[in-house]
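Asks: Compute the structure for the input listed below.
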Amino acid sequence: MRITVRTKPGSRRGPLVETVGSDLVVYLREPAREGEANAALPRVLAEHFGTSPSRVSIVRGHSARVKQVEVDL
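Replies: Residues are numbered from 1 along each chain as shown. Below you'll find the model as predicted:
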């Protein structure tokens with residue numbers, strides 16, 4: 001399943017996943033430097049969907065806040 005995710009790195013609310021329309025907003029405590037937020041995103045989404053982090057991958061938007069993510073359930 002491919003979904004659109006809007007990330008909020010460096011957030012005090014994180015880790016938290018909210019649904020906004022058909023998209024997800026993911027609040028991450030990790031900052032957006034040196035790939036820390038990108039490394040945390042699969043872990044947070046895997047917990048949200050109840051799957052392994054290895055089954056979650058960022059397809060597009062590695063350097064953007066809006067990302068396309070592939071989740072294999």
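Asks: For Gly10, which non-adjacent residue is spatially closest?
Replies: The shortest distance from Gly10 to any non-neighbouring residue, by C-beta to C-beta, 6 or more residues apart in numbering, is to Pro31 (4.6 Å). Where you see a C-beta, it was placed from the backbone N, CA and C, and this is true even at glycine.
Asks: pretty sure that neighbour contacts Ala39?
Replies: No. Using C-beta atoms under 8 Å, Pro31 makes no contact with Ala39, being 11.3 Å away.
Asks: Would you mark the buried spots in stretch 60-73?
Replies: 61, 67, 69, 71 (16 or more other C-beta atoms under 10 Å).
Asks: hang on, the first one packs against Gln68?
Replies: Yes. Using C-beta under 8 Å, Gly61 is in contact with Gln68, at 6.0 Å.
Asks: residue contacts, Thr51?
Replies: Thr51 sits next to 71-73 when contact means C-beta atoms under 8 Å, 6 or more residues apart in numbering.
Asks: Mind putting those residues into JSON lines with distance to Ser57?
Replies: Output for those, formatted as JSON lines (distance: C-beta to C-beta, whole Å):
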{"residue": "Val71", "distance to Ser57": "8"}
{"residue": "Asp72", "distance to Ser57": "8"}
{"residue": "Leu73", "distance to Ser57": "13"}
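Asks: Next step: these restricted to strands.
Replies: Secondary structure defined by DSSP state E assigns Val71 of the contacts of Thr51 to strands.
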